[in-house]
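Novice: Attaching a predicted model along with its sequence, questions to come.
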Amino acid sequence: MSFSVLSPTRNLDGVSGFFQVVFLLSLFLVLFKAVQFYLRRQWLLKTLQNFPSTPSHWLWGHQLKLVEDKELQQILTWVEKFPSACSQWLSGSCARVLLYDPDYVKVILGRSDPKASGVYRFIAPWIGYGLLLLNGKKWFQHRRMLTPAFHYDILKPYVRIMADSVNTMLDRWEKLDDQDHPLEIFHYISSMTLDTIMKCAFSYQGGVQLEGNSRSYTKAVEDLNNLAFFRIRSAFYENDTIYKMFSDGRLSHRACQIAHEHTDGVIKMRKTQLQNEEELEKVKKKRRLDFLDILLFAKTEDGNSLSDEDLRAEVDTFMFEGHDTTASGISWIFYALATHPEHQQRCREEVQSILGDGTSVTWDHLDQMPYTTMCIKEALRLYPPVPGVSRELNTPVTFPDGRSLPKGVSVAISIYGLHHNPSLWPNPKVFDPSRFAPDSSRHSHAFLPFSGGARNCIGKQFAMNELKVAVALTLLRFELLPDPNRIPVPMLRLVLKSKEGIYLRLKKLR
C-alpha cells in the first residue's frame, strides 16, 4: 500500500498564491474606485463651474459643517453670497446644486424630474415606495387614487377629531405637577398628531396619547429621521452591505422593524373591522372614503387589489408625513408665538372673539382667523417643517439667467434658504406676520412650506387645518412663555428639528 503525501512547500505556495490573487483583486478594485472617483469629480467640477460656492475639502466636501450641525447657517451664508443658486459638495465625488431663488425653483417644480435616487433611496427601507418616493406612471396613478381622501367633504368632520386630540394633550398639560417648570413640548405634540392621523386617516378607535403605546413608534421615527439624514451624507454608508455592518445600520434596521410593526398593526386592525358586516355596510354607504379605506378597496388597472408592499408603503409614508412634519410645524409655531407675546395675545383675542371660552371648533371657524393664519404662515416661513426637497434631472435644464445643467445632475430646493432669502423677505430673521396680510403680494414660489407643483404635499389642507385647531385651542387655555435658559436651535434633518428640543413654560389662563 502506498501513500501520497502533499509537500508542505506546495501547500504554502498554494496559500501564498491565493493571497496574491486576493491582494491583486483588492488593489485593482481600489484603483478602479480611485479612477471612478477622479473622473466623476472632474465631470462635476466642469459641470458646476457656473455655480460657485465656498471652498470645500477634496474628500469631505462641505460636510465638516455638518459635524457641528451648522448646515443651516452655512445655507444662509450661501444665500447671501451667491445669487439664486450654488453648488454643495456632499463628498469629493458627490455634489448637487442648491436652489433658493423662486424663478429657479419654479422651473424645477414645473418639470417631471424624479426624486433624487442618491438621497431618497436611503429612506426606502423605512417608508417604501409610496407617494413620496414613487416616480412616473405609478406615482400618477397613486396620486389620482388618493386625492379623494383629501376632499373637503372628508376633511370637514376631521376638525372635531383634531380638536378632541388637541384637548386631550392640553388636559395632560393641565395635570402636570409643576406647571412653572419648562416643558419639552415636541414629545407631547408628536403624540397628539399621531393620535390625530391614526383616528382620521386610519379609523383607529383607541386613544394613542392616553394608552402611552405610541412612544416606541415616535422614537423609531426620530431615530430613522437622524439615521437616514446622516447616511445620505456619508460616502462610506452608500453600500447596503457595509452599512449593515455598522451600529448605525443595525439601529436603522431595528427602528424600521418597530415602524413596520406599528403600521402593519394598523392595517391588520382595519381589515379585521371591515370583516364586520355592519362596519362594511357603513363604509359602502359613504360618498367618499378615508385614506386607508381607499387603499384597501382600491383596484389596479389589471383589476387586482394593491399588493401588500404597495399598501404598507402608502401607510408608512402618510403615517410619517402626517404626524412628524405636522408636529414639527406646531412646535415651532408655539415657540414663535411664545417669543412674540404681542402677536400671541392678538391671536388669542381673535380666537376668543370666534370661539368665546369654549373648546369646540368647526370647519367654518377655520376661515375666520385671518391674523392667526398670518402668524402660522410666518412661523412656517421661519421654520419650514420640510427644509428641502431634491430632484435628479432627467433632461438638461436652462434657468432664467441663462445658466444650465445637464442630465444626471442632482438639484436640491432649499426651502429653508428660499424662506430666508433677503431679496424676497426683507429682514428674513424677523418674525413679521404682516408679510402674509390679505393685501400682500409675493412671487408664486417664494413661500413653499408644502413644496409646490404637481408633487406638492397631498395633505397640505389637512395639515393647515390641524395647525389652526392646535393654535386656537391652546391659546384659549395657556399663555406660552419661552425658556430663556434653553433657546431652541433649528437643526437640519429630513424634518426640521431643534438641537436640544423645544422648551416652553405653560401658564394656565383663568
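Specialist: Sure, I can see it.

Novice: and the helix or strand where residue 186 lies, C-alpha only, in PDB?
Specialist: For residue 186, the host element (DSSP states H and E) is helix 185-202. Provided in PDB are the C-alpha atoms of helix 185-202 (Å, rounded to 0.1, in the frame of the first residue of the first chain):
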ATOM      1  CA  ILE A 185     -43.300  70.200  24.000                       C
ATOM      2  CA  PHE A 186     -42.300  68.200  20.900                       C
ATOM      3  CA  HIS A 187     -42.800  64.800  22.600                       C
ATOM      4  CA  TYR A 188     -46.400  65.700  23.600                       C
ATOM      5  CA  ILE A 189     -47.300  67.300  20.300                       C
ATOM      6  CA  SER A 190     -45.900  64.400  18.300                       C
ATOM      7  CA  SER A 191     -48.100  62.000  20.300                       C
ATOM      8  CA  MET A 192     -51.100  64.300  19.700                       C
ATOM      9  CA  THR A 193     -50.500  64.500  15.900                       C
ATOM     10  CA  LEU A 194     -50.000  60.700  15.700                       C
ATOM     11  CA  ASP A 195     -53.300  60.300  17.600                       C
ATOM     12  CA  THR A 196     -55.000  62.600  15.100                       C
ATOM     13  CA  ILE A 197     -53.700  60.900  12.000                       C
ATOM     14  CA  MET A 198     -54.500  57.400  13.400                       C
ATOM     15  CA  LYS A 199     -58.100  58.400  14.000                       C
ATOM     16  CA  CYS A 200     -58.700  60.500  10.900                       C
ATOM     17  CA  ALA A 201     -56.900  58.500   8.200                       C
ATOM     18  CA  PHE A 202     -56.800  55.000   9.600                       C
END
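
Novice: Give me the buried positions along the next helix or strand after that helix.
Specialist: Sequence-wise, the next helix or strand downstream of helix 185-202 (DSSP H and E) is helix 208-211. Buried positions in helix 208-211, judged by neighbour count with 16 or more other C-beta atoms under 10 Å: 208-209. All C-beta atoms are positioned from the backbone trio N, CA, C, and that covers glycine.

Novice: So which elements touch helix 208-211?
Specialist: Counting contacts by 3 or more C-beta pairs under 8 Å, 6 or more residues apart in numbering; DSSP states H and E, helix 208-211 is packed against helix 152-174, helix 185-202.

Novice: Show me what secondary structure element comes after that helix.
Specialist: Toward the C-terminus, helix 208-211 is succeeded by helix 215-232 as the next helix or strand (DSSP H and E).

Novice: low-scoring stretches of this protein, by residue?
Specialist: 1-15, 65-67, 178-179, 212-213 (pLDDT under 70).

Novice: what's the single longest helix in it?
Specialist: The longest helix of the chain (DSSP state H) is helix 8-47.

Novice: Tell me how many other residues crowd residue 245.
Specialist: 10 (other C-beta atoms under 10 Å).

Novice: wait, doesn't residue 202 sit right on residue 268?
Specialist: No. Counting by C-beta atoms under 8 Å, residue 202 sits too far from residue 268 to count as a contact (11.3 Å).

Novice: ok, these two, which is more surrounded?
Specialist: residue 202 (21 against 10).

Novice: so how far is residue 69 from residue 218?
Specialist: The gap separating residue 218 from residue 69 is 21 Å, by C-beta to C-beta, to the nearest Å.

Novice: Give me the more crowded residue out of these two.
Specialist: For residue 218 and residue 69, the more surrounded residue by other C-beta under 10 Å is residue 218, and the numbers stand at 21 against 15.

Novice: and the gap between that one and residue 474?
Specialist: Applying C-beta to C-beta, the value for residue 218 to residue 474 is 20 Å.

Novice: can you give me the strands for this protein?
Specialist: Along the chain, the segments classed as strands by DSSP state E run 85-91, 94-99, 183-184, 388-392, 397-398, 404-405, 410-414, 478-482, 490-491, 497-498, 503-508.

Novice: Tell me what angle the first one forms with helix 215-232.
Specialist: Read that as strand 85-91. Strand 85-91 runs at 100 degrees relative to helix 215-232, counting by axes from the mean of the first three to the mean of the last three C-alpha atoms, to 10 degrees.

Novice: Show me what strand 85-91 is packed up against.
Specialist: strand 94-99.

Novice: Partner strands of the strand it packs on, with direction?
Specialist: Strand 94-99 pairs in its sheet with strand 85-91 (antiparallel), strand 410-414 (parallel), by DSSP bridges.

Novice: Can you name the residues in contact with that strand?
Specialist: Identification of contacts with strand 94-99 by C-beta atoms under 8 Å, 6 or more residues apart in numbering yields 44, 48, 51, 61, 75, 78, 84-90, 105, 108, 116, 118, 235, 390, 405, 409-414, 417-418.

Novice: rewinding a little: can you tell me which of the helices and strands packed on helix 208-211 is packed in deepest?
Specialist: helix 185-202 (a mean of 24; mean count of other C-beta atoms under 10 Å).

Novice: so what does that one touch, helix or strand wise?
Specialist: helix 152-174, helix 208-211, helix 215-232, helix 247-273, helix 291-297, helix 308-320, helix 326-338, helix 460-477.

Novice: now that helix against helix 308-320, angle please.
Specialist: 140 degrees.

Novice: what's the angle from helix 185-202 to helix 247-273?
Specialist: 40 degrees.

Novice: related to what we said a few turns ago, export the helices and strands packed on helix 208-211 as JSON lines, with columns for distance to residue 139.
Specialist: Listed next are the helices and strands packed on helix 208-211 as JSON lines, based on distance: least, C-beta to C-beta, whole Å:
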{"stretch": "helix 152-174", "distance to residue 139": "21"}
{"stretch": "helix 185-202", "distance to residue 139": "19"}
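
Novice: do you know which of these lies nearest residue 354?
Specialist: In terms of C-beta to C-beta, the element of these nearest to residue 354 is helix 152-174, at 13.3 Å.

Novice: among the helices and strands packed on helix 185-202, which is nearest residue 450?
Specialist: Using C-beta to C-beta, the nearest of those to residue 450 is helix 460-477, at 3.9 Å.

Novice: Any buried residues in that closest one, and which?
Specialist: 462-477.

Novice: before we move on, back to that, ChimeraX command to pick out the buried ones of the contacts of strand 94-99?
Specialist: Of the contacts of strand 94-99, the buried ones can be selected in ChimeraX as follows, counting by 16+ other C-beta under 10 Å:
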select :44,48,51,61,75,78,84,85,86,87,88,89,90,105,108,116,235,390,405,409,410,411,412,413,414,417,418
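
Novice: Contact partners for residue 420?
Specialist: Here residue 420 is in contact with 75-76, 79, 382, 428-429 (C-beta under 8 Å, 6+ apart).

Novice: Cheers, nothing more for now.
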